[in-house]
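> Just the structure for this:
(one chain, ligands or ions: 1)
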Amino acid sequence: MEVIAVKDDQEMSEKAASLIGAEIKDRPGIVLGLATGGTPEGTYREWINQAGSLPLSQLQTFNLDEYAGLSPDHPNSYHRYMKERLFQPLQLRPGQTHLPRGDAKDLQEEARRYEKQIQQSGGIDLQLLGIGENGHIGFNEPGSSFHSRTHVVELKPSTREANARFFESEEDVPHQAVTMGIATIMESRRILLLASGSRKKEALTALLEGKQTENFPASVLQNHPYVTIIADESALSGVSTHKSVSEGRERETK
Ligand SMILES: N[C@@H]1[C@@H](O)[C@H](O)[C@@H](COP(=O)(O)O)O[C@@H]1O
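Numbering: from 1, shown residues only. Alright, predicted model coming up:
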């Protein structure tokens, strides 16, 4: 895993957007895996800023997850999040962007359909990831099988609590979601994981220095051949031994 240490959320976002931009220029028909939450918001803003110079008409996007029970136009749905923060500003066509439908009648069937659609697109070239404080990736909570495909999950109380800030109250946070599985994520050719702020300190330390276990889903990334982590000083402040690479120079993070 390559770790790029940056000063703060803004620098993380700029670096992530230029990495994504370079990948799009290299391969205009790229299939991107996208994430939601607070972490990628700055990256999406920076991406929009440089969009004029990027070929966007052939790319495809697949989001990691969606809350169960929320229709695409629900203000807290990830459909709406993506539409407002990225798809509309970039003027992507509806056929270019994909998310699982949280309001599908049969969610299990929707999970199978979504997984198949990812495979039919040729798989994800670059997957953007955040990390949950409990180590979740997508909505794969602790205990998820490393072999899982897109599936329906029960959200842990701590995850509902962490995401309550996006809702009017914690009670409004759905109890279930549809998420890409861990095996689905691991098949991405490249993974870009972002982390900023002291809230992510423990999770990032466990990812970089802990052992691999299904109780900490992100630890599966230790086995992936091409992971780039961009993290800021606060998120990296618990990492004692890991050497990170910043601006091409190798330096100790602490
Ligand atoms: N499903 C999302 C994840 O994809 C995201 O990585 C995580 C961290 O969120 P944040 O970036 O807001 O800390 O939260 C949610 O649960």
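> how close does residue 192 sit to residue 159?
The gap separating residue 192 from residue 159 is 22 Å, by C-beta to C-beta, to the nearest Å. C-beta here means a position set from N, CA and C on the backbone, and glycine is covered the same way.
> the more surrounded of those two?
Using other C-beta atoms under 10 Å, the more surrounded residue of residue 192 and residue 159 is residue 192, with 25 against 20.
> Residues in a beta bridge with the more buried one, which ones?
Going by DSSP bridges, residue 192 is paired in beta bridges with residue 128, residue 228.
> That one against residue 129, yeah?
Yes: the criterion here is C-beta atoms under 8 Å, and residue 192 meets it with residue 129 at 6.9 Å.
> Find residues that contact each of those two.
Common contacts of residue 192 and residue 129 (C-beta atoms under 8 Å, 6 or more residues apart in numbering): none found.
> On the three-state scheme, the closest residue to residue 202 other than its chain neighbours is what?
Nearest residue to residue 202, sequence neighbours excluded (C-beta to C-beta, 6 or more residues apart in numbering): residue 238, at 6.4 Å. Using DSSP: H, G, I helix; E, B strand; the rest coil, the structure places residue 238 in coil.
> which residues does residue 238 contact?
Listed by C-beta under 8 Å, 6+ apart, the contact partners of residue 238 are 201-202, 204-205.
> what's the distance between the closest residue to residue 221 other than its chain neighbours and the ligand?
Leaving aside its sequence neighbours, residue 221 sits nearest to residue 227 (C-beta to C-beta, 6+ apart; 5.2 Å). Distance, residue 227 to the ligand, by C-beta to the nearest ligand atom, to the nearest Å: 15 Å.
> what sits against residue 227?
By C-beta under 8 Å, 6+ apart, the neighbours of residue 227 are 1-2, 190-193, 221.
> Which of the helices or strands spans residue 116?
Per DSSP states H and E: residue 116 is located in helix 107-120.
> For the stretch 1-150 of the chain, which residues are neighbours of the ligand?
Within the stretch 1-150 of the chain, the residues that sit near the ligand (C-beta under 6 Å from any ligand atom) are 35-39, 64-65, 130-132, 138-139.
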